[in-house]
Structures are given as C-alpha cells and as structure tokens.
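In: Starting from these lines, generate the structure:
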Amino acid sequence: FYTVKPGHMTIVTGLPSSGKSAWVDWVCYSLANRAGWSFGICSPENYPISEHVIKLIELKSGEAFHGDKRMSRDDVNKNTQWVDEHFSFMSFDDKIEDWSVHGVLNMAKSLVRRKGIRGLVIDPWNELDHTRKEGLSETEHISRSLSEIRQFARNYGVHVWVVAHPTKMLKNSDGTYPIPDMYSISGSAKWRDKADMGISIWRDTSDRFTPVSVSILKVRFKRYGREGVHFMNYDYDSNRYSDSPGTGQI
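Out: The predicted structure follows:
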C-alpha cells in the first residue's frame with residue numbers, strides 16, 4: 001500500500017486526535033529500527049521536546065514510560081541514547097521567521113550535512129509561520145511552499161512528511177465524522193496536486209480498541225503503492241501500531 005521513497009513527499013491528514021502524529025512517529029521509528037534511518041523533526045505539536053522523546057522511547061522499548069509496569073531506568077537510558085542517535089529535534093529561537101517553510105528547510109539542509117538525515121517531519125503545517133509575500137493568495141502561497149519542500153526532498157534524497165489539518169467537517173447522520181480526503185485540507189486543493197503520497201488517518205476516539213483506518217488517498221507512482229484502506233491496531237501504552245485483519249477499497 002505505501003512505500004517510503006527517498007525524494008518523495010507524503011501529506012498526512014486526519015481529524016484532531018485521530019493519531020496522525022503517532023502514526024508518523026511509528027513509521028519513522030520503524031525505518032530507524034529496521035533500516036538505520038535518521039530524521040529531522042520539526043514538531044511544535046509535540047512540544048516540549050522531552051515529551052516527544054518519551055513517545056519515541058516507548059516505541060523503542062514497547063513499554064510505557066509511566067505507570068505501574070513502566071520500563072526500568074536502564075531501559076530508559078539505553079533507549080534515550082538510541083533516540084538521540086536517530087532523531088534530531090528542531091528548536092528555534094523566538095524569531096518567527098525561523099518557523100517559516102524556508103527556515104525549517106535551511107535547518108533540514110544543515111541536518112543532512114551534519115547528521116545524514118533521510119527523513120524530515122513537519123508536524124503540523126498550521127504551526128509554521130505563513131506570512132505571505134505581498135500579492136500572493138493563500139493558494140499561491142501553499143503551492144509555492146509545497147514546491148519548495150518537494151524540491152528539497154528531491155535535491156537531498158530526503159523523504160518529507162507534512163502533517164496538515166483538515167477544515168472543520170460536518171458529522172454524518174450517525175454522529176460520526178467522515179474520513180477527510182486530500183481536498184478537505186485547509187487552504188487549497190494544491191495539497192493533492194503536490195503530494196507524491198497522500199494519507200488520511202481515522203479512528204473512533206470513543207473506543208480505543210477499534211482498529212485505525214489508514215487510507216492511502218494518492219499514489220503518484222504505482223510501483224510504490226496503491227490506493228485503498230489498511231487497518232491497524234494502536235497500542236496506547238507503547239504507541240506502537242500493528243497490522244489488523246481486513247482491508248478494502250476506498
């Protein structure tokens with residue numbers, strides 16, 4: 001369904017609390033654990049950084065950081081070292097221009113040279129500075145920004161994940177929310193046009209044991225995947241995803 005290709009850009013969307021950030025963390029953890037990838041993380045959604053580190057420690061350990069069955073201190077130290085080896089977290093000063101797309105990509109270019117990162121996570125899009133040049137519409141600004149991100153991905157052989165929130169959505173007749181598509185993302189239809197891969201995450205927040213649906217909404221090149229829905233189980237203690245039986249077409 002989904003292949004992470006260096007030089008490509010994946011757009012991830014989903015309703016609030018649907019697990020977008022957790023799913024991207026799981027993909028990055030899997031690539032770091034299995035293939036030795038390293039990542040640059042720009043994630044105001046997960047501030048303070050220490051909280052994001054804890055989530056990744058839990059992913060690596062498979063155990064909770066807090067609680068009665070929490071991991072040992074030795075495991076904390078060992079897994080913290082592993083996170084430090086594979087993840088570089090961007091932390092900017094209060095200068096708002098550093099949080100622009102251009103500022104984030106400049107930091108990412110430095111991480112490519114210094115750390116050899118293979119992946120970049122921008123989570124979420126709306127937390128960046130989107131001051132537009134005079135005369136640019138929102139659609140034009142989004143189009144140019146996504147083109148800049150995609151060009152960075154191609155030039156440096158880095159896979160980029162951009163997490164983008166949808167617009168406010170109306171409930172279905174049964175009281176549930178629909179699965180957002182690429183055109184639901186706030187701002188512009190350019191999100192689908194520019195993406196190499198488009199993914200929507202959905203889960204029933206009222207039932208933590210209901211499988212999460214990972215909808216592959218766009219695949220630019222068919223050899224890297226196919227559109228459809230893959231169901232996954234999410235473990236709240238370890239932050240890990242695992243395969244769940246059952247797939248279907250969108």
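
In: which residues touch the helix ranked longest in the chain?
Out: Ranked by residue count, the top helix of the chain under DSSP state H comes out as helix 138-156. Residues from elsewhere that reach helix 138-156, judged by C-beta atoms under 8 Å, 6 or more residues apart in numbering: 6-9, 101-102, 105, 108-109, 112, 120, 122, 130, 132-133, 136, 158-160, 162, 187-191, 193-196. Any C-beta I mention is one placed from the backbone N, CA and C, and that applies to glycine too.

In: out of those residues, which are buried?
Out: Neighbour-count burial (16 or more other C-beta atoms under 10 Å) is assigned, among the contacts of helix 138-156, to 8-9, 101, 105, 108-109, 112, 120, 122, 158-160, 162, 187-188, 190-191, 194-196.

In: before we move on, the earlier item: restricted to helices, list the contacts of helix 138-156.
Out: Counting by DSSP H, the contacts of helix 138-156 place V101, H102, L105, A108, K109, V112, K190, W191, D193, K194 in helices.

In: Dump these into a markdown table; add pLDDT as well.
Out: Formatted as a markdown table, the ones in helices among the contacts of helix 138-156 follow (pLDDT from 0 to 100):
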| residue | pLDDT |
| --- | --- |
| V101 | 94 |
| H102 | 93 |
| L105 | 96 |
| A108 | 97 |
| K109 | 97 |
| V112 | 98 |
| K190 | 92 |
| W191 | 95 |
| D193 | 94 |
| K194 | 95 |
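
In: Closest to N239 out of those?
Out: A108 (24.1 Å; C-beta to C-beta).

In: separation between that closest one and S21?
Out: Distance, A108 to S21, by C-beta to C-beta, to the nearest Å: 18 Å.

In: pretty sure I201 belongs to a strand, no?
Out: Yes. Looking at I201 with DSSP: H, G, I helix; E, B strand; the rest coil, it is inside a strand.

In: Show me what it bridges to in the sheet.
Out: Beta bridges link I201 to G14, V214, judged by DSSP bridges.

In: Now for it: which residues touch it?
Out: With C-beta under 8 Å, 6+ apart, I201 has these contacts: V12, T13, G14, S18, G19, K20, W23, V212, S213, V214, S215.

In: Need the nearest residue in space to W125, chain neighbours excluded.
Out: Excluding the flanking residues, the one nearest W125 by C-beta to C-beta, 6 or more residues apart in numbering is A164, at 4.3 Å.

In: neighbours around that neighbour, how many?
Out: Using other C-beta atoms under 10 Å, A164 has 25 other residues around it.

In: thinking V214 is in contact with A22, fair?
Out: No. In this structure, V214 is not within contact of A22 by C-beta atoms under 8 Å, at 11.6 Å.

In: Neighbour count for the two, which is higher?
Out: Set side by side, V214 and A22 give different neighbour counts by other C-beta under 10 Å, the larger being at V214 (24 against 21).

In: do you know how far the more buried one is from Y234?
Out: With distances taken as C-beta to C-beta, V214 is found 10 Å from Y234.

In: S100 too?
Out: Look at S100 and Y234: by C-beta to C-beta, they are 33 Å apart.

In: Give me the more crowded residue out of those two.
Out: With neighbours defined as other C-beta under 10 Å, S100 and Y234 compare such that Y234 has more, 21 against 16.

In: so what's the more buried one bridging to?
Out: Beta-bridge pairing for Y234 (DSSP bridges): Y241.
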